[in-house]
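Visitor: build the 3D model from these lines:
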Amino acid sequence: MAPKAPSSFADGELSSLIDLKAGYILRGAGELPRQGSRSPWRLHQNYLRDFALLRAGRLTDHVRFGKRGQPVRAPGAPAPVRALNPVELPGTGHVDVGGTRLRYRKTGSGEPVLLLHGIGQSLDDWTEQHDRLAARHTVYSVDLPGFAYSDRLPGRATLAGLASVLPGFLDALGVHEPLPVMGNSLGGAVAMKLAADHPDRVSALVLANSAGFGKEVAVVLRLLAALLLRPDKEASRRTVQSIFYDKELVTDARVGHALALSQRATHRQTVLDIARDLGTIAGIRAEWRTALMVALAESDIPTLVVWGDHDHILPFSHLGAAAAALPHAESHVFSKTGHMPQIERPEEFAAVVEEFLTRVPVILSGSGSPR
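Guide: Model prediction:
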């Protein structure tokens, strides 16, 4: 028989088992065991408290038992949907950035590129591009703070906070030179915020169905809110269906992954925080969008904006708004494609991006402002 923590512990806030600030401990924080927020799944680094817990604590508190290697669930509960294992992807690891543990993925070799996911999503959204771009690049993707399997930053999650952690993240991985940054949906807004605040860290922008170019958000975002309030398989399936034009991409694995993320308390809270930071019930706030557009319009960072013409989350009309706001930007349209062209049109997406990036040095040298 084997004990198993309930999901309220396993999917909640986790911290390092060893609470020491020594350099050798901090450097290896990503490899150390994690612990929950309260007993019996937490040690207190206090002899008397831990002695009492180990000697007098009840073995059955907050614990269910089942056969080793098999899932444990409450009597009458439905069988869980099999989700993608977050550690199965090659090149996946964790890094500590200012005390925040982030999950990331690194593949390939060559000039580095950074890939950023959307709201309520994870670095898994870039699997198809890891497979293709890694032939010429060192490809990095990351679960933004609070999303998926990365720790939250202290306080309420904001767009500025998500972008602020990225220079430290890149430094921790040994990437100090400017690099192309690609973002899908919310990830596009984070990429733009990084470029506005740290233009010396960004050599080019690729914005895929990016937030920030219009007020309108589709009604399907209400599905995401409903899923967060009451996670279940059918809500997860409807949310995944809304993303893709090609419904063959709505697989059990994708639905299971969406459900697994929605069941994580930190992930749910981060989604709600970001939604409040960026918009209201009437739509996306103009203040932060206007500030970003002004900063980028005055920038010489080469920019490519791409969109799927059947996006049911951020309307296709936002591409026209992007062209008006960023007259120096290039654009590309993916036919019969939804909100994630990097998944739905992986070959075309990679080819368009590679062709754009091969011309970035020429654009920079022609601008008179090489970085």
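Visitor: confidence score at residue 307?
Guide: Per-residue confidence (pLDDT) for residue 307: 96.
Visitor: show the contacting residues for it.
Guide: 208-209, 316, 318-319, 331-334, 341 (CB atoms under 8 Å, 6 or more residues apart in numbering). For glycine as for every other residue, the C-beta is placed from the backbone atoms N, C-alpha and C.
Visitor: cool, residue 139 as well?
Guide: 105-108, 112-113, 115, 126, 129-130, 133.
Visitor: checking residue 161 next. Helix, strand or coil?
Guide: helix (DSSP: H, G, I helix; E, B strand; the rest coil).
Visitor: what's the local residue count around it?
Guide: The local packing of residue 161 (other CB atoms under 10 Å) involves 22 other residues.
Visitor: which residues touch it?
Guide: 145, 153, 155 are the contacts of residue 161 under CB under 8 Å, 6+ apart.
Visitor: and for residue 339?
Guide: Residue 339 touches 118, 184-185, 209, 242-244, 308, 311-314, counting by CB under 8 Å, 6+ apart.
Visitor: tell me which of these fall in helices.
Guide: 242-243 (DSSP state H).
Visitor: quick one, which of the contacts of residue 339 are buried?
Guide: The neighbour-count test (16 or more other CB atoms under 10 Å) marks 118, 184-185, 209, 242-244, 308, 311-314 as buried among the contacts of residue 339.
Visitor: list the ones among the contacts of residue 307 that fall in helices.
Guide: Using DSSP H, the contacts of residue 307 in helices are 318-319, 341.
Visitor: export the biggest strand by length in the chain to CSV, keeping only CA atoms.
Guide: Determined from DSSP state E, the single longest strand within the chain is strand 100-108. This file holds the C-alpha atoms of strand 100-108, laid out as CSV (Å, rounded to 0.1, in the frame of the first residue of the first chain):
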residue,chain,number,x,y,z
THR,A,100,10.7,31.6,-8.0
ARG,A,101,10.9,28.1,-9.5
LEU,A,102,10.1,28.0,-13.2
ARG,A,103,9.6,25.0,-15.5
TYR,A,104,11.2,25.5,-18.9
ARG,A,105,12.2,23.5,-21.9
LYS,A,106,15.4,23.7,-24.0
THR,A,107,16.1,21.9,-27.3
GLY,A,108,18.4,22.2,-30.3
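Visitor: how about the strands of this structure, start to end?
Guide: 2-4, 15-16, 34-35, 64-66, 92-97, 100-108, 111-116, 137-142, 179-184, 202-208, 279-280, 283-284, 303-308, 330-334.
Visitor: who does the last one pair up with?
Guide: What it means is strand 330-334. strand 303-308 (parallel) (DSSP bridges).
Visitor: picking up where we left off before, indicate which one of the strands of the chain is closest to residue 353.
Guide: strand 202-208 (5.7 Å; CB to CB).
Visitor: and the closest one, what does it pack onto?
Guide: For strand 202-208, the packing partners by 3 or more CB pairs under 8 Å, 6 or more residues apart in numbering; DSSP states H and E come out as strand 179-184, helix 186-197, strand 303-308, helix 346-367.
Visitor: what strands line up against it, and which way round?
Guide: Strand 202-208 is paired, per DSSP bridges, with strand 179-184 (parallel), strand 303-308 (parallel).
Visitor: can you list contacts of it?
Guide: 177-185, 187-188, 191-192, 194-195, 296, 301-307, 322, 340-342, 349, 353, 356-357, 360, 364, 371.
Visitor: what about 6 Å?
Guide: Identification of contacts with strand 202-208 by CB atoms under 6 Å, 6 or more residues apart in numbering yields 178-184, 188, 191, 195, 301-306, 341-342, 353, 360.
Visitor: avg pLDDT for stretch 271-285?
Guide: Across stretch 271-285, the average pLDDT comes to 74.
Visitor: first-to-last residue distance for it?
Guide: Stretch 271-285 has an end-to-end distance of 16 Å (criterion: CA to CA, to the nearest Å).
Visitor: what residues go with each domain of this structure?
Guide: 2-66, 92-367 (automatic domain parsing).
Visitor: quick one on the thing from earlier: adding pLDDT, write the contacts of residue 307 out as JSON lines.
Guide: Putting the contacts of residue 307 into JSON lines (pLDDT from 0 to 100) gives the following:
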{"residue": "208", "pLDDT": "97"}
{"residue": "209", "pLDDT": "95"}
{"residue": "316", "pLDDT": "90"}
{"residue": "318", "pLDDT": "90"}
{"residue": "319", "pLDDT": "92"}
{"residue": "331", "pLDDT": "96"}
{"residue": "332", "pLDDT": "97"}
{"residue": "333", "pLDDT": "97"}
{"residue": "334", "pLDDT": "97"}
{"residue": "341", "pLDDT": "98"}
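Visitor: which one of the residues you listed is nearest to residue 263?
Guide: Nearest to residue 263 among the contacts of residue 307, with distances taken as CB to CB, is residue 209, at 25.8 Å.
Visitor: what stretches of this protein score poorly on pLDDT?
Guide: For the chain, residues meeting the criterion pLDDT under 70 lie at 1-32, 36-88, 215-230, 280-284, 362-371.
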